[in-house]
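# Sequence and predicted structure, then a few things I'm wondering about:
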Amino acid sequence: MSQLRVATLLLAGLVVATILGPMLAPDPQAIDLMARLAPPSAAHWLGTDELGRDLLARLLAGGRVSLIVAAATALVAAGIGTVIGLVAGYVGGRADGLLMRLTDGVMALPLLPLLIVLAAIDPAKLGLPGRVQASEAFAIARIVVIIALVGWTIVARLVRAATQSIKARDFVRAAEAVGVPPFRIMLHHILPNVASPVVVATTLSVGNIILVESALSFLGLGLRPPASSWGNMLTGAMDSVWIAPSLALWPGLAIFLAVLAFNLLGDALQSAIDPRQGHS
Amino acid sequence: MGVTRLLQSLAVLLAMSALVYGLMALMPGDPIDLMIAGDPHLSAADALRLKALYGLDQPWGERYLRWLARLLHGDLGYSRLYAKPVAAALAPALLNTLILSSTALAVSLVLALPLGLLAAWRPGSMADRAINLFAFASLSLPTFWLGLMLIALFAVQLGWLPAGGGDGASALLLPAATLGLAGIGQFTRHMRAAMIGEAHHDYVRTARAKGCSPIQVVLGHQLRNALIPVVVILGLELGGLFSGALITETVFAWPGMGRLVFEAVMGNDFNLALIGLLLTTAATLTGSVLADFATRWLDPRVRRP
C-alpha cells in the first residue's frame, strides 16, 4: 500500500472516530468516584481515569478538540505566511527586506519558552471581559492565535521564493502591462501558482502543531480541564503513573498516530508535486 | 559577512528582551501584589512606597531601559523564587542542561548517522523504507509521552531506573534516552537526503571510474561532503535541543534551564525568567551563527566569492 493511502486511511479513521465517537460513547465528563482507575470492561472499553471518567469517551472528545485546534492553527498560520510571503516577494525592495528580517527574527526565537510566556499572559490585563475569558471558545482561540503567531515563517519563505520566480513570467508581465492593480495580480495570478507548496507545508505543519499544543496542554498552559485534550489527559496520567502506569498509554498513542498520519501525508504530497525530492 | 551576522543576532536578542519584558508586564500579578498577599502586615501605603522603591510606578519603557542599563553593568538581579542572585540560580541549571543535551545529542547521532547511511545505500530498498518509517515515528513521538512511557516501563514496572531527581549516571539515562530518541528521526532524514544529494556528483563517478570500491566511494568521498549539511542542521538544532529539553526536564524533574525558565515564568520570578529566556535565545542564535561558520570552514567552495 502506498504511503499516501496509509496516511489518508489513518486520518480518515481518526476524523470519523472523533466526529461519531462522542455521539455513541458515554458522557466524557461524568465522574464516578466508585469506579476510579477501573480496568477495561464492557461498560468502559478502555477503563476509567483517576476520577472514574470513561477513558475512551474522553479520548474521542479530546481528539476532536485537538484536531480542530491543529487544523485551525495550521490554516491561520498559512494565511499569515502567505500574505507576508506574497507581499515580500511581489513588492520587493524595502518591504521585502523588512519582512524577511522579521521572519528571520521569529525563526531565531526559542519556540517553546516563548509560547509558554505567551500562554501565561493574563487576558484581564489585555482588557477582555471575564465572561469571554471563561468560555471554552476563548481557550481554543487563544491557543490557535499563540501558535499561529510563531508558526507562519516557513510558509512565508516558501511563498516569497515562489512569488519571486513567478512574477518574472510573461503572464504576470502582461497583466501588469494592461494595468491590473497589484492586489489583483497577487490574488488571481500569483496565489494560484504558489498554492501547492503552501498545501504541502501546511499539511506538514499540522503534525508539529498537534505536538506543540499537546505539550502546552500537558504543562497546563493550553486547553484546561474539564475540557479534555490529548495533552491535558496526560497531565492527569502523569500524576497517577505510579498507581496506574497504563493510563498514559492511550492519549499519547492517539497523539502519535495523528502526528504520524499528517507527517506521512505531507511527505507523500511533497514527493507527488516534486518527484526529485523524497524517493530519488 | 561575519560582522553583519553578529550585529543581526544582537538586534534579535535586543528585540527579544524588549518583547519578553513587555510580555512579563501582561502576566498575572506583579511582585508587590505577591508581597502583599504573603504578608498581612503590609498596608496600602507600604505597597505604594515599595512600588516607588523598585520603580514599578514608572512607565514600561523607562523601566525597561533601566533594567537594560543594569544588565549591561553585569547586574542580573535577584531571583525571588530561589532567594539568590539570578546568576547563582542559573549556573547549575545551565550545566545540567548541557550535560543532558550533549548526552542526548550523542545518542541521536550515534544511531542516526549509520541509519541515514544505510538508508541512502540503496534508495527505495526494504531497508530504506523501514528506516524511513522509523524516522517518521521518531519525528511524530510526543517527547513527554515517550518520557512517561519509559518511566512507566523502567521505573514503575521493572524498577530498574529512577523516574527522576537524584544524581549520577542512572538519573541521566532515561531523560537522555527520551531526548535522544526524539532527535533521531530528523538527523536520519537529513543524513539520507545529504548522501543521496551527493551521489549524482561528478567526483563520485570519477572515484568509481578510477576503481574505488563502493565502500571507499561512500565513506571516503561521499560522506565527507554529505556531512556538511548535517553539521549545519546540527548547529540549527543546538538551540532547539536547548529549549526542547524543557519538556523532558519537566517530566523527569531534571533541574535544568528549561525547567528553571518554566518555573520562573509560572512563579512570577521576572528577573530569572527574563535572563533565562534571553540565554535560551542566545543559545539558538549562537547555534545558527556557528552553523554558518562551520559551513565556510568545512566547504572551500562556499568561501569563494
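Nice, thanks for sending it over.

# Spatially nearest residue to A:Gly89, not counting backbone neighbours?
Nearest non-adjacent residue to A:Gly89, counting by C-beta to C-beta, 6 or more residues apart in numbering or on different chains: A:Thr163, 2.9 Å away. Where C-beta positions appear, they are placed from N, C-alpha and C, glycine not excepted.

# Could you give the separation of whichever strand or helix holds that neighbour from the chain centroid?
Element membership for A:Thr163 (DSSP states H and E) is helix A:153-166. Computed by C-alpha atoms, centre = their mean, to the nearest Å, the separation of helix A:153-166 from the middle of its chain amounts to 21 Å.

# What are the contacting residues of whichever helix or strand comes after that helix?
Next in sequence after helix A:153-166, counting helices and strands by DSSP H and E, comes helix A:170-177. Residues from elsewhere that reach helix A:170-177 (C-beta atoms under 8 Å, 6 or more residues apart in numbering or on different chains): A:166, A:184-185, A:189-190.

# Contacts only, for the residue nearest to A:Ala261 when sequence neighbours are not counted.
Nearest non-adjacent residue to A:Ala261, counting by C-beta to C-beta, 6+ apart: A:Leu10, 4.0 Å away. Counting by C-beta under 8 Å, 6+ apart, A:Leu10 makes contact with A:257, A:260-261, A:264.

# For chain B, state which of those is nearest.
Nearest to chain B among the contacts of A:Leu10: A:Leu260, at 4.0 Å, using C-beta to the nearest C-beta.

# and the residue nearest to that closest one when sequence neighbours are not counted, how many residues sit next to it?
Spatial nearest neighbour of A:Leu260, chain neighbours left out: B:Ser140 (4.0 Å); criterion: C-beta to C-beta, 6+ apart. By other C-beta atoms under 10 Å in any protein chain shown, the residues close to B:Ser140 number 23.

# Equivalent analysis for B:Ala177, please.
So B:Ala177, with other C-beta under 10 Å, has 19 neighbours.

# about what we covered before: save the contacts of helix A:170-177 as JSON lines, and put in pLDDT, distance to B:Ala127 and secondary structure too.
Compiled in JSON lines, the contacts of helix A:170-177 are given as follows (pLDDT from 0 to 100; distance: C-beta to C-beta, whole Å; DSSP: H, G, I helix; E, B strand; the rest coil):
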{"residue": "A:Ile166", "pLDDT": "87", "distance to B:Ala127": "40", "secondary structure": "helix"}
{"residue": "A:Arg184", "pLDDT": "87", "distance to B:Ala127": "52", "secondary structure": "helix"}
{"residue": "A:Ile185", "pLDDT": "86", "distance to B:Ala127": "49", "secondary structure": "helix"}
{"residue": "A:His189", "pLDDT": "85", "distance to B:Ala127": "46", "secondary structure": "helix"}
{"residue": "A:Ile190", "pLDDT": "86", "distance to B:Ala127": "42", "secondary structure": "helix"}
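
# Quick one: buried ones out of those residues?
A:166, A:185, A:189-190 (16 or more other C-beta atoms under 10 Å in any protein chain shown).

# thinking again about what came up before, the contacts of helix A:170-177: which ones sit near chain B?
The subset of those within reach of chain B, by C-beta under 8 Å from any C-beta of the partner chain, is empty.

# Which of the residues you listed sits closest to chain B?
Ranked by distance to chain B (C-beta to the nearest C-beta), those are led by A:Ile166 at 25.5 Å.

# What separation is there between that closest one and A:Ala174?
13 Å (C-beta to C-beta, to the nearest Å).

# What mean pLDDT does whichever strand or helix holds A:Ala61 get?
Applying DSSP H and E as the criterion places A:Ala61 in helix A:55-91. Mean per-residue pLDDT for helix A:55-91: 89.

# just checking, what packs against it?
helix A:3-24, helix A:93-108, helix A:136-150, helix A:153-166, helix A:191-218, helix A:230-239, helix A:249-273 (3 or more C-beta pairs under 8 Å, 6 or more residues apart in numbering or on different chains; DSSP states H and E).

# Spit out the contact partners of whichever residue of the stretch 1-150 of chain B sits closest to chain A.
Distances between the stretch 1-150 of chain B and chain A by C-beta to the nearest C-beta are smallest at B:Trp145, namely 3.1 Å. Taking C-beta under 8 Å, 6+ apart, we find B:Trp145 in contact with A:234, A:248, A:251-252, A:255-256.
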